[in-house]
Each structure stands twice: as structure tokens, then as C-alpha cells.
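In: coords below, sequence missing:
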């Protein structure tokens with residue numbers, strides 16, 4: 001069994017919908033992170049590691065010595081070392097936010113498991129994964145998943161990744177907990193202050209797995225079925241060169257953007273429904289072509305590869321500070337003092353103390369209104 005299942009839970013939305021995609025991906029190299037780009041994946045892994053050891057320590061699953069040893073490893077990680085002091089405080093505050101939430105969901109008599117491997121291969125060939133948190137109680141299995149990104153909100157409603165984790169957890173522990181009747185799964189995104197939850201009865205979960213997942217997984221394993229592009233293309237290795245995706249987004253070109261006759265309301269809705277995918281596709285193609293130009297010197301006709309200058313910065317600020325002070329400038333004028341963030345301030349007191357003291361002074365003002373897809377309808381039964 002490989003370290004990463006081809007039909008993984010994390011990519012399940014894609015292979016359940018676009019069944020040939022996983023086999024196609026297996027023929028392609030991994031997408032490389034652009035040179036100099038921040039490693040978001042490594043940061044997420046680091047956040048999971050810190051959350052895990054803090055939860056294990058609290059529930060006496062590791063000793064203080066083991067915790068300190070693991071924490072030291074985290075602190076010498078390149079990502080952690082690269083943070084400013086403020087970034088480190090912010091990082092740990094968000095992890096602690098998640099940890100406190102998980103603790104609040106574990107009741108007396110519950111059995112909590114952290115970074116628990118689950119197996120759902122009865123429905124998906126070679127299907128397995130690792131759930132961040134599983135909480136077992138007499139009548140319920142709960143799965144909690146940490147998403148540490150700050151870009152896109154992910155909803156638990158109908159989430160196939162968490163359903164598969166719940167399916168694997170139920171399969172693994174049903175003999176030990178024979179009265180389980182329900183699964184509940186939650187996505188916690190502390191940097192977006194987002195917590196969403198969904199639930200299913202065991203009967204509905206098994207019906208979904210037996211009638212839908214098993215059929216789609218069989219196609220995906222064989223590489224058969226139809227290519228069906230959509231928002232799930234985001235992390236696919238073929239996203240920039242997939243012919244089906246190109247055909248899909250090019251449908252928009254069939255609309256004639258003339259002042260008159262005007263687009264019908266349904267045509268405007270069609271444009272709106274695809275605009276984000278059009279942007280995403282254009283960005284993916286540009287990134288793919290740019291990477292190919294950098295690594296293989298393959299530059300499309302009519303283009304050239306240039307290296308623009310970045311923002312100006314001082315190479316050695318300590319030396320610059322000394323030179324400027326010697327020339328009559330004040331040290332205080334070289335620095336900006338910014339207030340700490342709310343998570344950093346909250347860490348100064350005991351749990352709930354700062355919020356209690358400040359009360360309504362802590363506000364969350366509305367941001368700029370924007371249109372987002374309405375995901376209130378469940379994709380699958």
C-alpha cells in the first residue's frame with residue numbers, strides 16, 4: 001500500500017465526479033511550487049503537528065517530555081523559523097483556537113483519537129486516509145478536520161472527504177461501539193473563523209457508500225467514465241492541459257458580448273456561474289506555461305520570459321540603521337509600532353478573560369459584499 005492512496009479521501013470530490021481524472025493524474029508529474037512561493041502545504045502540516053501534540057498532551061496520550069521534544073522539532077522547522085515573532089504568535093493562536101474547540105466537543109466518557117488512520121477499502125479500492133480528530137461515543141462518531149488555509153472557506157455540508165473518514169471510522173470501531181447510529185463531521189478553519197458541521201444517520205451513510213461511492217470508485221480505479229470539469233479541478237495535475245476543461249470554459253465564448261441585443265438574464269447567470277472557473281483556468285494555464293518556460297526554455301510564440309524587479313528592500317537593516325543614525329536620523333523614525341492582533345491579545349490572559357474584559361469592544365465589522373455560490377443544496381444523498 002502506498003503512502004498516499006490514488007483514490008484518497010482528500011481528492012474524493014474530484015474522482016467521484018470526474019472519474020477518469022485519477023488515472024490520468026498518475027501519468028503526470030506533480031505540480032511544482034513556483035520558486036520563492038510560500039509553502040502553504042508545509043505550513044498546514046506544521047499546524048496539524050502542533051495541534052496533535054497539544055491535544056495528546058492534554059488527554060495524557062503523551063508525556064511532557066515527549067511533547068517538549070516534538071515542540072522543539074516544530075520550532076526548528078524552516079516554516080516556523082521563517083516567521084517573525086508576530087507571525088509565530090498568530091500561528092500558535094490559531095492552532096490553540098482549534099485545539100480549544102476540539103476540547104470543547106469531547107464529553108465525559110467519549111474516546112478521542114488524534115491523527116487516526118482509517119480504512120474505507122470495502123467501498124474504495126486501496127481506500128484509506130488519516131482523520132485529524134475522531135470522537136467516539138455510545139451512539140455517535142464525530143470527525144473534526146482542521147483546514148489551516150486562509151484563502152477559501154470549505155463547507156462541511158455534503159463534504160465527501162469527511163464522509164469517507166466517518167465511514168472508515170465507523171467501519172473500524174463498529175464492533176467496539178455497536179450502538180452507533182449517527183456520524184457527524186466538522187470543518188474548522190481558524191484563520192477564517194469558520195466552523196461548519198453536517199451529519200448523517202449510519203443508514204444514509206452506508207446507502208451513499210454502497211450505491212454511489214462504490215460505483216464511482218470502480219470507474220475511477222479503472223480510469224473509465226466521462227471527464228467532468230468543475231471547481232474540483234483546482235488541485236488536479238492536469239488542470240492546465242485538460243482538453244475537457246478547456247472545452248468547458250470555452251462554452252462562455254459562445255455568448256456574443258454585444259451592446260445589443262443584450263444578454264438574457266439566464267445568459268448573465270451562466271457567465272456569473274463560470275466566471276471564477278474561467279479566472280482559475282486562465283491562471284492555471286499561465287502558471288503552467290511560465291513554469292515550462294523557466295525549466296525547459298519553451299517559450300510560446302509571441303512571448304518572452306522576463307524577470308521583473310520586486311519591491312525595494314534593505315539588504316542589511318542593522319547596518320543601515322547604524323549608518324542612518326550616524327547621519328543624524330532618529331532610531332524611532334525607522335520603525336512602525338503596530339497593535340497586536342486580537343488572537344495575540346487574547347493569549348495574554350486566561351481563557352475567556354480578555355473577551356470578558358473587553359466585551360463589545362471586540363468587533364467583527366462587515367467586509368465588502370460579494371457574491372458566492374449557494375452550497376445549501378446537498379450534492380449527494
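Out: Okay, I see it. The structure displayed is predicted, hence computed values, not measured ones.
In: which element is residue 51 on?
Out: Residue 51 belongs to helix 40-58 when elements are defined using DSSP states H and E.
In: tell me the centre residue of the protein?
Out: Centroid-nearest residue in the chain, with CA atoms, centre = their mean: residue 147, separated by 4.6 Å.
In: that one: what's it in contact with?
Out: 44, 154, 187-189 (CB atoms under 8 Å, 6 or more residues apart in numbering). C-beta: built from backbone N, CA, C; applies to glycine.
In: repeat that with 7 Å
Out: By CB atoms under 7 Å, 6 or more residues apart in numbering, the residues touching residue 147 are 154, 187, 189.
In: what of residue 28?
Out: By CB under 7 Å, 6+ apart, the residues touching residue 28 are 237-238.
In: per-residue pLDDT, it?
Out: Reported pLDDT at residue 28 in the predicted model: 88.
In: now it: phi and psi?
Out: phi -110, psi 150 (degrees, to the nearest 10).
In: any idea how far it is from residue 191?
Out: Counting by CB to CB, to the nearest Å, the gap from residue 28 to residue 191 is 31 Å.
In: hang on, the earlier thing: and the angle from the very next helix or strand once past the helix holding residue 51 to helix 40-58?
Out: Next in sequence after helix 40-58, counting helices and strands by DSSP H and E, comes helix 64-75. Comparing the axes of helix 64-75 and helix 40-58 via axes from the mean of the first three to the mean of the last three CA atoms, to 10 degrees yields an angle of 170 degrees.
In: what segments of the stretch 1-150 of the chain are strands?
Out: Ranges of strands within the stretch 1-150 of the chain are 111-119, 128-136, 140-146, based on DSSP state E, counting those that start in this stretch.
In: possible to save the ones you listed as JSON lines with mean pLDDT and distance to residue 6?
Out: As requested, the strands of the stretch 1-150 of the chain are exported to JSON lines (pLDDT from 0 to 100; distance: least, CB to CB, whole Å):
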{"stretch": "strand 111-119", "mean pLDDT": "96", "distance to residue 6": "15"}
{"stretch": "strand 128-136", "mean pLDDT": "96", "distance to residue 6": "11"}
{"stretch": "strand 140-146", "mean pLDDT": "97", "distance to residue 6": "21"}
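In: any idea which of these gets closest to residue 173?
Out: strand 128-136 (5.8 Å; CB to CB).
In: who's in contact with the closest one?
Out: Residues from elsewhere that reach strand 128-136, judged by CB under 7 Å, 6+ apart: 5, 8-10, 48, 102, 105-106, 110-121, 141-146, 164-165, 168-169, 173, 177.
In: just the buried members of these?
Out: 5, 8-10, 48, 102, 105-106, 112-116, 118-120, 141-146, 164-165, 168-169, 173, 177 (16 or more other CB atoms under 10 Å).
In: ok, and what's touching stretch 210-222?
Out: By CB under 7 Å, 6+ apart, stretch 210-222 touches 7, 15-16, 19, 22, 123-125, 225, 380.
In: ok, those residues vs residue 201, which is closest?
Out: residue 380 (14.4 Å).
In: turn the strands of the stretch 1-150 of the chain into a markdown table, columns for distance to residue 328.
Out: A markdown table is the format used below for the strands of the stretch 1-150 of the chain (distance: least, CB to CB, whole Å):
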| stretch | distance to residue 328 |
| --- | --- |
| strand 111-119 | 57 |
| strand 128-136 | 56 |
| strand 140-146 | 51 |
